[in-house]
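In: Below are the sequence and a predicted model for it; my questions follow.
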Amino acid sequence: MSAGILIVVILGIAVLGFILGRQRALSLAARDNVKLHSLPGYYGHSVALFAAVPAFLLMIAWLFIQPILIETGVSRMIPDSVIPDGGARSLVMADVHRIADGLDVLAEKGGLSEEELSRMRADFTNVRSRLAEVGVAVGSDIPVPVLDAAREYRDAKHLGSSLMVFAVLVVSIVFAAIAYSRVRPEMRARNVSESFIKALLMGSSLVAILTTFGIVASLLFESIHFFQMYPAKDFFFSLTWNPQFRGGSDLGIIPLLWGTIYVSFVALLFAVPVGLMIAIYLAEYAGKTVRSLAKPAIEILAGIPTIVYGLFALITVGPFLRDWLAQPLGLGNSSSSVLTAGLVMGIMLIPFVSSLSDDIINAVPQSLRDGSYGLGATQSETIKQVIMPAALPGVVGAILLAASRAIGETMIVVMGAGAAARMDLNPLEAMTTVTVKIVSQLTGDTEFASPETLVAFALGLTLFVFTLCLNVLALVIVRKYREQYD
């Protein structure tokens, strides 16, 4: 039984529990001629929640823990002799996963029985070609221990899935039965239901926190592994970025940070003034008809895929700047440049600044405007001296959101600014950013445990710390001005 079918079955048990719990509460109240403490639906809710929530929690925990246990057990079966020179056990385990999935496909599409799959041996059966026939590619010939490990992995996964289905169904039925037996007219079913909902909301609020911790932990552990292989001093202070697939790389982050800051600065230099002027016009000057048409039209920019912006930078903006600005001024001959990526990224960021700032300006109390007009101030003076200072904390938040979006952008930079890691003040030269190099280092053919691949995690951690510092700075600014205008 697949996880999707199991979820449907659990939901079916919960619905049945709701119906039976509600009917039981009504029948007991009618029999004893007493009044229910809560509405009948709450009694059904209590049974349904006990049937579904513990089962889903067990299912989630099982799906999280089972792969770790199987991975650990199967990894011990692989002898060191099958690991190629310069390779890693993790790469061999990746082949084990692919082969195990391929065996499932062979059993389903290839018509092989379980007995035939168990007899398959890499030394006399061309497993690689059989897997290729069903669309599963394996990079090299399969050693016998790897095939045995794949079969063991597949068997353990199937056994674990069967046990999970049985355990989850038992938990769902048992808890539903217990909740059903506890249904009484005097039962505070409403409190039980509200407690479950409160716990659900608390658990949902923890998702973002736990996700953040998970991201930071994964970056931190792999970054520590990287710094054990590559000197931290060279990473943070070297001015050269020159990764080599055969080792001996120069992995200095400073050129990448410079490109990231430069491109983001150009983008914000264009997006922030334009976005703020749009927000002020829509909030303070535009009529309802103009506002109803202009605001949705501007927000359409936020929904355009970044690959489209990248193509616009590559085909239109880049050649235009090269032919009409860079070449006439003798500042460059390439259509890929910081200015190209910055301008196009700035266009993309306009709705982030304008839409949020517009909502924030509209949230400023009308009493502040009326008081300013009563003192004789003009509309422009009111906007400059009253409305914008009062809206400044929210505007800073909008700018911060745009800055974070700019720092994390990849596709526009690849197609608009190029991939050259250099430090230059000329905005018409090609440069690159941290995010572009993270993608390039993780998508190459380099072995995962090498510094050339693990540097992506160090880059990601550095970018995270950089963004965190930006958030702290914005928070300080917001608190400083909020104390003045609250």
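Out: Cool, got the structure.
In: Only C-alpha atoms from now on, for both contacts and neighbour counts.
Out: Fine.
In: what comes up buried for the helix or strand where residue 468 lies?
Out: Using DSSP states H and E, residue 468 falls within helix 451-485. For helix 451-485, the neighbour count (16 or more other C-alpha atoms under 10 Å) marks 451-464, 467, 471, 474, 478, 482 as buried.
In: Kindly report the same for stretch 163-182.
Out: Buried, per 16+ other C-alpha under 10 Å, within stretch 163-182: 164-165, 168-169, 171-173, 175-177, 179-180, 182.
In: Equivalent analysis for stretch 299-312, please.
Out: So stretch 299-312, judged by 16+ other C-alpha under 10 Å, has buried residues 299, 301, 306, 309, 310, 311, 312.
In: Tell me how far the closest residue to residue 333 other than its chain neighbours lies from residue 464.
Out: Distances taken as C-alpha to C-alpha, 6 or more residues apart in numbering place residue 327 nearest to residue 333, at 5.8 Å, with adjacent residues excluded. Relative to residue 464, residue 327 is positioned 37 Å away (C-alpha to C-alpha, to the nearest Å).
In: Please apply the same query to residue 170.
Out: According to C-alpha to C-alpha, residue 170 stands 44 Å off from residue 464.
In: repeat for residue 59
Out: In this structure, residue 59 and residue 464 are 32 Å apart, going by C-alpha to C-alpha.
In: Where do the helices of the stretch 201-350 of the chain begin and end?
Out: All helices of the stretch 201-350 of the chain, identified by DSSP state H, counting those that start in this stretch, fall at 232-237, 254-280, 288-303, 306-312, 318-321, 327-329, 338-362.
In: Dump those to JSON lines, plus mean pLDDT and distance to residue 370.
Out: Compiled in JSON lines, the helices of the stretch 201-350 of the chain are given as follows (pLDDT from 0 to 100; distance: least, C-alpha to C-alpha, whole Å):
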{"stretch": "helix 232-237", "mean pLDDT": "91", "distance to residue 370": "54"}
{"stretch": "helix 254-280", "mean pLDDT": "94", "distance to residue 370": "17"}
{"stretch": "helix 288-303", "mean pLDDT": "88", "distance to residue 370": "20"}
{"stretch": "helix 306-312", "mean pLDDT": "93", "distance to residue 370": "43"}
{"stretch": "helix 318-321", "mean pLDDT": "92", "distance to residue 370": "47"}
{"stretch": "helix 327-329", "mean pLDDT": "88", "distance to residue 370": "52"}
{"stretch": "helix 338-362", "mean pLDDT": "92", "distance to residue 370": "14"}
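In: Turn these into a markdown table, columns for distance to residue 440.
Out: As requested, the helices of the stretch 201-350 of the chain are exported to a markdown table (distance: least, C-alpha to C-alpha, whole Å):
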| stretch | distance to residue 440 |
| --- | --- |
| helix 232-237 | 17 |
| helix 254-280 | 13 |
| helix 288-303 | 26 |
| helix 306-312 | 17 |
| helix 318-321 | 22 |
| helix 327-329 | 30 |
| helix 338-362 | 18 |
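In: Output the below-cut-off pLDDT ranges for the stretch 51-200 of the chain.
Out: In the predicted model, the stretch 51-200 of the chain carries pLDDT under 70 at residues 80-92, 94-95, 97, 101-144.
In: Domain map for this structure?
Out: Residue ranges for the domains of the chain, per automatic domain parsing: 3-213, 241-485.
In: can you redo these as TSV with distance to residue 222?
Out: Converted to TSV, the domains of the chain look like this (distance: least, C-alpha to C-alpha, whole Å):
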stretch	distance to residue 222
domain 3-213	14
domain 241-485	6
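In: out of these, deepest packed?
Out: Mean neighbour counts were compared across those using mean count of other C-alpha atoms under 10 Å; the top stretch is domain 241-485, at a mean of 19.
In: Show me how far that one is from its chain's centre.
Out: Distance, stretch centre to chain centre, for domain 241-485: 19 Å (C-alpha atoms, centre = their mean, to the nearest Å).
In: same deal with stretch 31-49?
Out: 42 Å.
In: Next, the distance between the ends of that stretch.
Out: Separation of the first and last residues of stretch 31-49 by C-alpha to C-alpha is 26 Å.
In: who touches that stretch?
Out: 13-23, 25-26, 29, 176, 179-180, 183, 185-190, 192-193, 196 (C-alpha atoms under 8 Å, 6 or more residues apart in numbering).
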